[in-house]
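Asker: my questions are about this predicted structure, shown below with the sequence.
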Amino acid sequence: EDQVTQSPEALRLQEGESSSLNCSYTVSGLRGLFWYRQDPGKGPEFLFTLYSAGEEKEKERLKATLTKKESFLHITAPKPEDSATYLCAVQARSTGFQKLVFGTGTRLLVSP
Amino acid sequence: EAGVTQFPSHSVIEKGQTVTLRCDPISGHDNLYWYRRVMGKEIKFLLHFVKESKQDESGMPNNRFLAERTGGTYSTLKVQPAELEDSGVYFCASSQDLGHNEQFFGPGTRLTVL
């Protein structure tokens, strides 16, 4: 069964304190790995898609990387507005390539 | 460009009642998905439409849930009769076509069954 595990569950940072969030996955035939940001009371907001090991993508203070077993979301010099829950999800051959299988997310709080 | 919209934003109903949730995808998106998150758990897939056809409904919990997408535009998800364990946040997402994997989510409908 496809599985996505995110760690840590929660992370508290000071403004400017860089860190990384982890997403480890076990799937049969990865099609894509997705990162989303979710603010309270809102739906997930798409950030990145990664397709193959070694791929990297960046957006502002965020950088996502992918290996054969895990993905990291690196946050460089975070600001309070980066506070949110970050969700990782995968699409896999075993589940028909379309549906997303989500992890439980990492709640990030950035203090000024 | 308008995003995915969902209605209502909140719904509180009694056990045994019926509720219908609506989702309007991004214009031109053939793929429409329903997901659900129950308290403390991860977001889980319910079903996937391609235009008006159900492509995958493997995540539907039971036959109290009925999803439709008449005409391939908006979709409805009806729960009848609702049970306590149906409480949660129901998300709708859409994507352009099978070659574009990014799914764009709506704000969700929070359903509370008392």
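Answerer: Now that the structure is in, tell me what you want to look at. Residues are numbered from 1 along each chain as shown, chains lettered A, B, ... in the order given.
Asker: in chain A, what residue is nearest chain B?
Answerer: A:Gly43 (3.7 Å; C-beta to the nearest C-beta). Heads up, the C-betas are built off the backbone N, CA and C, glycines and all.
Asker: so in chain B, where's the weakest helix or strand by average pLDDT?
Answerer: Ranked by mean pLDDT, DSSP states H and E, the weakest helix or strand in chain B is strand B:53-56, scoring a mean of 92.
Asker: that one close to chain A?
Answerer: Yes - using C-beta under 8 Å from any C-beta of the partner chain, a contact is recorded between strand B:53-56 and chain A, made by B:55-56.
Asker: contacts for that strand, please.
Answerer: A:96, A:98-99, B:31, B:47-49, B:67 (C-beta atoms under 8 Å, 6 or more residues apart in numbering or on different chains).
Asker: in its sheet, what does it sit against?
Answerer: Neighbouring strands of strand B:53-56 in its sheet, by DSSP bridges, are strand B:44-50 (antiparallel).
Asker: what's the helix or strand for the spatially most central residue of chain B?
Answerer: Chain B has B:Trp34 as the residue nearest its centroid, 3.4 Å off, counting by C-alpha atoms, centre = their mean. For B:Trp34, the host element (DSSP states H and E) is strand B:31-37.
Asker: CA atoms only: put that strand into CSV for me.
Answerer: Only the C-alpha atoms of strand B:31-37 are listed here, as CSV (Å, rounded to 0.1, in the frame of the first residue of the first chain):
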residue,chain,number,x,y,z
ASN,B,31,-10.6,16.3,-14.3
LEU,B,32,-12.5,16.8,-11.0
TYR,B,33,-11.7,15.1,-7.7
TRP,B,34,-13.3,14.8,-4.3
TYR,B,35,-11.2,14.4,-1.2
ARG,B,36,-12.1,14.3,2.5
ARG,B,37,-10.3,15.0,5.8
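Asker: ok, so of the contacts of strand B:53-56, who is nearest B:Thr18?
Answerer: Closest to B:Thr18 out of these is B:Ala67 (14.1 Å), distances taken as C-beta to C-beta.
Asker: next, count neighbours for the nearest residue to A:Leu108 once chain neighbours are set aside.
Answerer: Computed as C-beta to C-beta, 6 or more residues apart in numbering or on different chains, the closest residue to A:Leu108 that is not its neighbour in sequence is A:Leu11, at 5.2 Å. Using other C-beta atoms under 10 Å in any protein chain shown, A:Leu11 has 17 neighbouring residues.
Asker: surely A:Leu11 touches A:Leu21?
Answerer: Yes - using C-beta atoms under 8 Å, A:Leu11 is in contact with A:Leu21, at 7.0 Å.
Asker: overlap in contacts of these two?
Answerer: A:106, A:108.
Asker: what residues does chain A put near chain B?
Answerer: A:4, A:31-32, A:34, A:36, A:41-46, A:49, A:87, A:89, A:91, A:95-105.
Asker: if we go to 10 Å?
Answerer: A:4, A:6, A:31-32, A:34, A:36, A:38, A:41-49, A:51, A:87-89, A:91, A:95-105 (C-beta under 10 Å from any C-beta of the partner chain).
Asker: now, which of those residues lie within strands?
Answerer: A:4, A:6, A:31-32, A:34, A:36, A:38, A:45-49, A:87-89, A:91, A:101-102 (DSSP state E).
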